[in-house]
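Q: Got a sequence here, can you build the structure:
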Amino acid sequence: VASDRHSVARIPSNTADTNTDAHNLNVVAPSPMGPVSEDVLEIENDVQLPMEVLEILGNDPSQKETSSPNLHAALASRWTSLAAFGLSKDEQNAFADTYTTPANCSALTA
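A: Here you go, the predicted model:
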C-alpha cells in the first residue's frame, strides 16, 4: 500500500508459525518523500552454503588463485619496502663500491 508520505510492504509470514512479529517487522527509514516503513529481512551470513550451491554460483572472483609460493615473511617485508621506497643514496653507493655493475645492466649504476 502506498501513500504520499510512506509506503508499507509486507511479506506474509508462515501461517504455521505463531510468532508473526519476528517475520513482519516494520521499520521507518528516511526517504526524500518522508518516512518509509519497510519489512526487515535478516540474513545470516555465517551459514555455510552447500557445495552444490557453491558450484552453481561458480568461482569467487574475489579469491585470487596463486600459482607461486610465498616468500618468508622476513624477506617479503624487506623486499616490499625496497620495491616501494628504493635504496638510500648511501646504500646505493655502498653497493657500487662493493660490486661492479654488469656490462649488460648499466641501469643498475648508482
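Q: Quick check: which element contains Ala76?
A: helix 73-85 (DSSP states H and E).
Q: What are the contacting residues of that helix?
A: Helix 73-85 has contacts (C-beta atoms under 8 Å, 6 or more residues apart in numbering) with Asn70, Leu71. The way it works is simple: take the backbone N, C-alpha and C, and place the C-beta from them, glycine included.
Q: Need the per-residue pLDDT for Thr18.
A: If you check Thr18, the pLDDT there is 48.
Q: Same question for Leu108.
A: Per the predicted model, pLDDT is 73 at Leu108.
Q: ok, which stretches of the protein are helices?
A: For the chain, the helices defined by DSSP state H cover 51-57, 73-85, 89-98.
Q: Just the CA coordinates for the last one, please, in CSV.
A: If I follow you right, that is helix 89-98. The C-alpha coordinates for helix 89-98 follow below in CSV (Å, rounded to 0.1, in the frame of the first residue of the first chain):
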residue,chain,number,x,y,z
LYS,A,89,72.0,7.1,-1.7
ASP,A,90,74.3,5.8,1.0
GLU,A,91,73.1,2.2,0.4
GLN,A,92,73.4,2.7,-3.4
ASN,A,93,77.0,4.0,-3.0
ALA,A,94,77.9,1.1,-0.7
PHE,A,95,76.7,-1.4,-3.3
ALA,A,96,78.5,0.4,-6.1
ASP,A,97,81.8,0.4,-4.1
THR,A,98,81.4,-3.3,-3.3
